[in-house]
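Engineer: starting from these lines, generate the structure:
(2 chains)
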There are 2 protein chains.
Amino acid sequence: MGDRVGAIEAGGTKIVCAVGSDPADLEEVRFSTEDPASTIGRICEFFQSAGDIGAVGIGTFGPAGVDPAQPDTYGRILNTPKPGWKNSDLVTPLRESLGVPIHFDTDVNAAAFGEGKWGAAMGLHTFIYLTVGTGIGGGAIIGGRILHGALHPEIGHLRIPHNLQRDPFAGCCPFHGDCLEGLACGPAIEKRWGCDPRELPPDHEAWHLQAHYLGLAVANLSLTLSPQMIILGGGVMEQIQLFPLVRQELDQQLNGYLNPPEIVPPALGNRAGILGAVALAQQLIA
Amino acid sequence: MGDRVGAIEAGGTKIVCAVGSDPADLEEVRFSTEDPASTIGRICEFFQSAGDIGAVGIGTFGPAGVDPAQPDTYGRILNTPKPGWKNSDLVTPLRESLGVPIHFDTDVNAAAFGEGKWGAAMGLHTFIYLTVGTGIGGGAIIGGRILHGALHPEIGHLRIPHNLQRDPFAGCCPFHGDCLEGLACGPAIEKRWGCDPRELPPDHEAWHLQAHYLGLAVANLSLTLSPQMIILGGGVMEQIQLFPLVRQELDQQLNGYLNPPEIVPPALGNRAGILGAVALAQQLIA
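Structural biologist: Just a heads-up that it's a prediction; the model follows:
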C-alpha cells in the first residue's frame, strides 16, 4: 500500500502504536509507558515486525520539541516531571531503526489534525481541540496549518476569573494554583467534591461550575483565535450534559460581542489522537 | 516605481492615507473620520490625485469583514457602534475608483504586519501586536501569516482574574464589564483614578495594577499562541515604566512553566499601522 504508515500516540501512562492506511483498518498495540529506553525499544520492535510503512506520525505528551528548525530540542520530550523522560529523544532512534520520514507533534495537535481530516472539523480551516481529563491541553489548526509558534500552545494553564465566594477550592496546579487546569481538570473536580467525578449525578452543581470554567476558557480561546469550532474531548467531557451548559456559559461570557464557535465533542472519540498521528504520517508521503 | 502603493489607516476618529514605496519616503494626509460617504469620497480623491499606485493596503477599525471568501461581508465595517458606519463598504468604492488590488485587514493586523516587515519583529514568524489605548485590540502573525480565523481576533475582551479587594473598580466595558479592556484601557484608568492617566506619576500604584492586568493578558496570549514576541503599543504604553513591570508580572504568572516571549514597544511607534498597510499593499504586487 502506498499510504500505509505507522502512528504513535505517546501518553504519560500508555503508548498506542498503529499501522495501516485507513482509520477503519488499523493494526494496533497498546502497552504501558515505562522508562524511555525500554518503551522506545518496544515501539521500534512493533514497527520492525509490522511490514513496510512509508512514514511515521507521532502525537506525544509534552512539553515536546516540535520544531525541526531547532535540532537541539526537535524530537524530544522536554521539561517533563515524568521521571526519566526529561530530554528523551523519540525521533532519532525511530528514524535510525525504520529509515522513514517522521512527523513529531503534541498529542493534542495530532488529535486536532485527526478531527480535521476525518472527524468533527472536516472542511474547516481554523479550530481547536481541547482535552479535559487528568490534565487540560489544547491543539489548534489555524488557516489549515498546525499552530506551533515558539514551542506549542499550553492552553491548559490559562488564567481565568475565579470567584472564591462561589468556589473556595484553591486549585490544584503545582505551577499556578487556580489556572484553568488547576480548577477544571479531573483531579480538581475530585478534590473539590471529595469523590470520583463519575459518581456525581448529571445535575450536580459540580457540572455547572465545571461548565462555568470551561465557558470562560472557550470564550478566551474564541476571542484570541477566532476559531470556527472548538472540540472538547477527554475523560471529563464524557459527561455529555456539559456541552449545552458550556455553550450557554460561552454565550453569556461573549454577551453578543461576537458569534460563538461551535462547541462539539470529538467525532473520533478517544481515537482522535492515534488517527491524527496516522493523518500526519500520510501527509508526509502525499 | 514598481512598488509604489497606497495605504490607509482607518480609525474611529481619524484617517491616515499614504502613498509611496518606502517607509522613509511617504506622502501622507490625515483628516477626521466623518460619515462613510464623505470619508470614502475624500480617500478616493486623495489617491486619484496621487499618481500611479500598484495596490492599496487598508488597516481599519473593526469589527471588519476581512475574509475574501465571504463576499457578503468582505471589505465592510461590520457591527460597529460608530453611528452610520455599520455595514459600510470600504473596498468596493476604492476598487471601482482606482482599479487596483486591495488588501483589507484590521488596524492591529496591519500594525503587526508592519512590525514584522520593518519593526521589532523582523525575522520572527509568530508574534502579537497589542494596542492599549482608548480600547484594547490585538493582531497576530502565526507562522508568517496573519491570523484571521472565522473573523479576526478580539483580544481586547479576554476574561482575566479581577481581585475586587485590590481593585474595586467594576470595569467599563459595555459588553463585559471587567474584561481586559474594561479594566485596562485608557478610559478605565481615568475612571478608576479620577484623572487623566498622563497626570499620574510613573511610580503611582495605577501602573502596578495596569501591569498586573497586562501581565495576565500576555500570559494568556503566551499560553494560547506560543508567540516569540508580544509588541505592546498604543497611547497607554507610552508610559514606558510599564514594560519592566509587565515582564515581571508575566514571569510571575507563568511561574517557570514556559519561556516567556519578549515584551517590547513597537519599533515603528505610532506609524506601525500605516506602514503595515504599505507592506500589505506591496505584498499584493510582489
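Engineer: the residue nearest to A:Ile136 when sequence neighbours are not counted: what secondary structure?
Structural biologist: Using Cβ to Cβ, 6 or more residues apart in numbering or on different chains and skipping residues adjacent in sequence, the residue nearest A:Ile136 is A:Gly156, 3.5 Å away. Quick note: C-beta positions are derived from backbone N, CA and C, even for glycine. Following DSSP: H, G, I helix; E, B strand; the rest coil, A:Gly156 is assigned to helix.
Engineer: quick check: chain neighbours aside, which residue is closest to the residue nearest to the spatial centre of chain A?
Structural biologist: Geometric centre of chain A, nearest residue: A:Val108, 2.4 Å, by Cα atoms, centre = their mean. Among residues not flanking A:Val108 along the chain, A:Gly139 sits closest, at 3.5 Å (Cβ to Cβ, 6+ apart).
Engineer: where's the one you found, which helix or strand?
Structural biologist: Using DSSP states H and E, A:Gly139 falls within strand A:136-142.
Engineer: just checking, next helix/strand downstream of the lengthiest helix in chain A?
Structural biologist: As assigned by DSSP state H, the longest helix anywhere in chain A is helix A:205-225. Per DSSP H and E, helix A:205-225 leads on to strand A:229-233 as the next helix or strand towards the C-terminus.
Engineer: could you check how far that following strand is from the centre of its chain?
Structural biologist: 11 Å (Cα atoms, centre = their mean, to the nearest Å).
Engineer: pull the contacting residues for the residue of chain A positioned farthest from its centre.
Structural biologist: Distance from the centre of chain A peaks at A:Gln165, with 31.7 Å (Cα atoms, centre = their mean). Residues near A:Gln165 by Cβ atoms under 8 Å, 6 or more residues apart in numbering or on different chains: none.
Engineer: A:Leu78 touches A:Phe61, doesn't it?
Structural biologist: No: taking Cβ atoms under 8 Å as the definition, A:Leu78 is not a contact partner of A:Phe61, at 10.6 Å.
Engineer: what about the closest residue to chain B within the stretch 51-200 of chain A, how many neighbours?
Structural biologist: Here the stretch 51-200 of chain A gets closest to chain B at one residue, A:Gly149, 2.9 Å apart by Cβ to the nearest Cβ. Look at A:Gly149: counted by other Cβ atoms under 10 Å in any protein chain shown, it has 24 neighbours.
Engineer: chain neighbours aside, what residue packs nearest to it?
Structural biologist: B:Ser226 (2.9 Å).
Engineer: state the phi and psi torsions of the residue farthest from the centre of chain A.
Structural biologist: For A:Gln165, the backbone dihedrals (degrees, to the nearest 10) come out as phi -70, psi -50.
Engineer: that one and B:Asp251, how far apart?
Structural biologist: 29 Å (Cβ to Cβ, to the nearest Å).
Engineer: before we move on, the earlier item: between the longest helix of chain A and strand A:136-142, how many degrees?
Structural biologist: 30 degrees (axes from the mean of the first three to the mean of the last three Cα atoms, to 10 degrees).
Engineer: which elements pack onto helix A:205-225?
Structural biologist: strand A:127-132, strand A:136-142, helix A:180-184, helix A:186-193, strand A:229-233, helix A:242-254, helix B:205-225 (3 or more Cβ pairs under 8 Å, 6 or more residues apart in numbering or on different chains; DSSP states H and E).
Engineer: now the ones you listed as a markdown table including mean pLDDT, mean neighbour count and distance to B:Gly133?
Structural biologist: Converted to a markdown table, the helices and strands packed on helix A:205-225 look like this (pLDDT from 0 to 100; neighbours: other Cβ atoms under 10 Å in any protein chain shown; distance: least, Cβ to Cβ, whole Å):
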| stretch | mean pLDDT | mean neighbour count | distance to B:Gly133 |
| --- | --- | --- | --- |
| strand A:127-132 | 98 | 29 | 29 |
| strand A:136-142 | 98 | 28 | 27 |
| helix A:180-184 | 98 | 27 | 29 |
| helix A:186-193 | 98 | 19 | 37 |
| strand A:229-233 | 98 | 25 | 30 |
| helix A:242-254 | 98 | 19 | 23 |
| helix B:205-225 | 98 | 24 | 13 |
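Engineer: give the contact list for A:Met122.
Structural biologist: Applying Cβ under 8 Å, 6+ apart to A:Met122 gives the contacts A:Gly116.
Engineer: before we move on, which element is it in?
Structural biologist: Applying DSSP H and E, one finds A:Met122 in no helix or strand.
Engineer: mind giving me the domain ranges of chain A?
Structural biologist: A:5-110+A:278-283, A:122-266 (automatic domain parsing).
Engineer: and among these, the most buried is which?
Structural biologist: domain A:122-266 (a mean of 20; mean count of other Cβ atoms under 10 Å in any protein chain shown).
Engineer: quick one: end-to-end length of that domain, please.
Structural biologist: Taking Cα to Cα, to the nearest Å, the first and last residues of domain A:122-266 lie 11 Å apart.
Engineer: so, in contact with chain B or not, stretch A:168-185?
Structural biologist: Yes: using Cβ under 8 Å from any Cβ of the partner chain, we find that stretch A:168-185 touches chain B at A:175-176.
Engineer: chain center to that stretch: distance?
Structural biologist: Centroid separation for stretch A:168-185 versus its chain: 19 Å, with Cα atoms, centre = their mean.
Engineer: alpha carbons of stretch A:195-212, as PDB, please.
Structural biologist: Extracted in PDB, the C-alpha atoms of stretch A:195-212 (Å, rounded to 0.1, in the frame of the first residue of the first chain):
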ATOM      1  CA  CYS A 195     -15.400  11.800  45.300                       C
ATOM      2  CA  ASP A 196     -14.700  10.400  41.800                       C
ATOM      3  CA  PRO A 197     -16.300  12.800  39.300                       C
ATOM      4  CA  ARG A 198     -18.100   9.800  37.700                       C
ATOM      5  CA  GLU A 199     -20.100   9.400  40.900                       C
ATOM      6  CA  LEU A 200     -21.500  12.900  40.800                       C
ATOM      7  CA  PRO A 201     -25.100  12.900  39.300                       C
ATOM      8  CA  PRO A 202     -25.500  14.700  36.000                       C
ATOM      9  CA  ASP A 203     -27.500  17.600  37.600                       C
ATOM     10  CA  HIS A 204     -24.900  18.100  40.400                       C
ATOM     11  CA  GLU A 205     -23.700  21.700  41.000                       C
ATOM     12  CA  ALA A 206     -20.200  20.400  40.100                       C
ATOM     13  CA  TRP A 207     -21.100  20.300  36.400                       C
ATOM     14  CA  HIS A 208     -22.500  23.900  36.500                       C
ATOM     15  CA  LEU A 209     -19.200  25.100  38.000                       C
ATOM     16  CA  GLN A 210     -17.200  23.000  35.500                       C
ATOM     17  CA  ALA A 211     -19.200  24.500  32.600                       C
ATOM     18  CA  HIS A 212     -18.600  27.900  34.000                       C
END
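Engineer: so for the residue of the stretch 151-286 of chain A found nearest chain B, what's the pLDDT?
Structural biologist: Of all residues in the stretch 151-286 of chain A, A:Ser226 sits closest to chain B, with a separation of 2.9 Å (Cβ to the nearest Cβ). On pLDDT, A:Ser226 comes in at 97.
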